[in-house]
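Asker: Requesting a structural model of the entry that follows:
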Amino acid sequence: MRTRTLLTVLAAALLTSACVDEKVVFQDRELFQDLPSSAADFVGYTDQDDKLVVCGNCHIEKQGDWEATGHADAWAGLQDSGHSQTFCEGCHTVNGLGNPADEGGYLATGDDRYLDVQCESCHGPGLAHVENPTDATIPDAALGVGTDATQGCGECHQGTHHPFTEQWEESGHAVVGFAASREGCRSCHSGNGALEAWGISTSYAEQGQDLSITCAVCHDPHAQDHSGQLRFPVGGVAVEDNLCSQCHNRRAVPDPNSSHGLHPHSPETGLLSGDIGWFPPGLLIDRGEIVASHGDEGNERLCAGCHVTQSTVSDAETGEFQFQAVGHGFNAIPCLDAQGIPTNQDCELSISDRDFEAGCTASGCHTSAQGAFSALSTATVRLAALAEELEELLAEVDPNGEGAGGEIDAADGRFTAAEGAFFNLEVAAFGGTDRPDPRLTFAAAASHNPFLTEQLLIASIQAVEDAYSVSASPGLALQRELVSGR
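Answerer: The predicted structure follows:
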């Protein structure tokens, strides 16, 4: 059994300058008492009723931030859920789940001091640090995630009822590619690069390694400044105000100074806000003027309104629960497996193969799955027809395509109408190559902003005709007149 007095511990900390950057409050009270050996050095709460954890006696600001999070009410949330069971308790209390410890805490003692998800749930047993605050004895929390991880968020945030880790592992966010180590790319292609770019200098167990975009990159483990403990809000398309736009807002206009400048790169924000592409001379619209419903104030959660949605999958015959999808595959219309469970495997664009419910109707944008499918299918077919027309014109202007020489050459130091039109063609087809259904080539542009994409393609056709004396199909005459006034 061990007993500690707060005055004694904090006095030692002050003398050794261990907490010079923390707000320290001196109060002569018991920090904790009668710590059983089976607790395995977890210290838990000082005062459960006031939600004061032992760590919070020194780390005042972290204590205050943590109190506003769902982790601080994890135990009450379980009890109020209506389906509390013993096997759930490990993820709603302090113990070896989520940190380097193998045992201890609530599961070993049943002591109420270990209720809720406290600091030690991620950082591990705190006794050694309490006894000697001058040493960095408390472990750095792990940011790595995986269904087989032995610590970190994934130890609890997985399973059929909250499969955040399982769905995340199927997403592009789980991949660390070659770009993670490239300057200028790593701020979006690696988790540690993103944290650095956002000015977050916290220490973690994998310090120095290239991480994928894990839970703690997008979610703040310590604070609830925004819904879902996100580091940025999800509403609004302004880069500084939207979490997704921190990365999904790169090359949205041609860049003649880049070898890749004729290809858009993560241009989703530009599409949603109507500020994307090459605007040919004479185009009768301004940047930001054409915005689809997915990008206006009616879609309050913007990207997350379609890409991060929840749905319950039940057995078609028995009606029994099968799976709780949580939207962390980040696919707005995911393919469905044989049981109707969302998967990031690719499939055809059809209402039977894909889920048009969770991201399209639950968000309030569409009144039915059939309506959402019809709108997307119609838009993709229309864009495909225009893209084919423009592609044929560009092939006539420059049969060599992007090869050296000719009108489409990013390396020759000049910018041509053909290059602007080529960029708009790439906007229409971005992210859609090698798909099982040709319509999927244009699905991203069709869902983010079909109206602007269509006008850019029509205006590009007109610009190429004017610049190079080539002729498109006569059937496009009406559309050209509406877009460019000709």
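Asker: can we go C-alpha only for contacts and neighbour counts from here?
Answerer: Noted.
Asker: my read is Gly277 is in a helix, agree?
Answerer: No: inclusion of Gly277 in a helix is not indicated when DSSP: H, G, I helix; E, B strand; the rest coil is applied; the result is coil.
Asker: you'd agree it is up against Phe423?
Answerer: Yes: if you go by C-alpha atoms under 8 Å, Gly277 and Phe423 touch, sitting 6.8 Å apart.
Asker: Now list whatever residues contact both of those two.
Answerer: Common contacts of Gly277 and Phe423 (C-alpha atoms under 8 Å, 6 or more residues apart in numbering): Val253, Pro254.
Asker: Got the domain ranges for the protein?
Answerer: Split into domains by automatic domain parsing, the chain comes to 4-131, 157-246, 268-297+369-484.
Asker: tell me, which of these is the model least confident about?
Answerer: Ranked by mean pLDDT, these end with domain 4-131 in last place, scoring a mean of 86.
Asker: The stretch 201-350 of the chain: helices as residue ranges?
Answerer: Secondary structure of the stretch 201-350 of the chain (DSSP state H, counting those that start in this stretch): helices at 215-218, 268-273, 302-307.
Asker: So what does Gly98 have for phi and psi?
Answerer: Phi and psi for Gly98, reported as degrees, to the nearest 10, are phi 90, psi 0.
Asker: So what's the residue count around it?
Answerer: Applying other C-alpha atoms under 10 Å, we find 27 other residues in the vicinity of Gly98.
Asker: What distance do you get for it to His157?
Answerer: According to C-alpha to C-alpha, to the nearest Å, Gly98 stands 10 Å off from His157.
Asker: returning to that earlier point: among the domains of the chain, which comes closest to Ile341?
Answerer: The stretch from the domains of the chain with the least distance to Ile341 (C-alpha to C-alpha) is domain 157-246; that distance is 10.6 Å.
Asker: Quick check: end-to-end length of that closest one?
Answerer: End-to-end distance for domain 157-246: 24 Å, by C-alpha to C-alpha.
Asker: now that domain: how far from the chain's centre is it?
Answerer: Distance of domain 157-246 from the chain centroid (C-alpha atoms, centre = their mean, to the nearest Å) equals 7 Å.
Asker: Check stretch 391-406 too.
Answerer: 37 Å.
Asker: in the longest helix anywhere in the chain, what's buried?
Answerer: Longest helix in the chain by number of residues, with DSSP state H as the criterion: helix 369-397. Neighbour counts using 16 or more other C-alpha atoms under 10 Å place 369-370, 372-373, 376-377, 379-384, 386-387, 389-391, 393-394, 397 of helix 369-397 among the buried residues.
Asker: immediately after it, which helix or strand?
Answerer: Once the chain leaves helix 369-397, the next helix or strand it forms, by DSSP states H and E, is helix 417-428.
Asker: after that next one comes which helix or strand?
Answerer: Past helix 417-428, the next helix or strand by DSSP H and E is helix 443-448.
Asker: which helices and strands sit right next to the helix or strand following that next one?
Answerer: Sequence order places helix 450-468 as the next helix or strand after helix 443-448, per DSSP H and E. Judged by 3 or more C-alpha pairs under 8 Å, 6 or more residues apart in numbering; DSSP states H and E, helix 450-468 is in contact with helix 369-397, helix 417-428, helix 477-484.
Asker: and the longest one with helix 450-468, angle?
Answerer: The reference is to helix 369-397. For helix 369-397 against helix 450-468, the angle by axes from the mean of the first three to the mean of the last three C-alpha atoms, to 10 degrees is 10 degrees.
Asker: which residues sit in contact with Pro264?
Answerer: Going by C-alpha under 8 Å, 6+ apart, Pro264 touches Arg250, Arg251, Ala252, Val253, Pro254, Phe423, Glu426, Val427, Phe430.
Asker: Hmm, Phe279 and the fourth one touching each other?
Answerer: So the one you mean is Val253. No: contact criterion C-alpha under 8 Å: Val253 and Phe279 do not qualify, at 9.2 Å.
Asker: how about the helices of the stretch 51-200 of the chain, start to end?
Answerer: Secondary structure of the stretch 51-200 of the chain (DSSP H, counting those that start in this stretch): helices at 60-67, 74-80, 106-109, 119-123, 127-131, 164-169, 186-189, 191-197.
Asker: Reformat the ones you listed as CSV; add mean neighbour count.
Answerer: Shown next, in CSV, are the helices of the stretch 51-200 of the chain (neighbours: other C-alpha atoms under 10 Å):
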stretch, mean neighbour count
helix 60-67, 18
helix 74-80, 16
helix 106-109, 18
helix 119-123, 26
helix 127-131, 18
helix 164-169, 23
helix 186-189, 22
helix 191-197, 21
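Asker: Quick one: closest of the ones you listed to Asp315.
Answerer: For Asp315, the closest of the helices of the stretch 51-200 of the chain is helix 164-169, at 19.5 Å, according to C-alpha to C-alpha.
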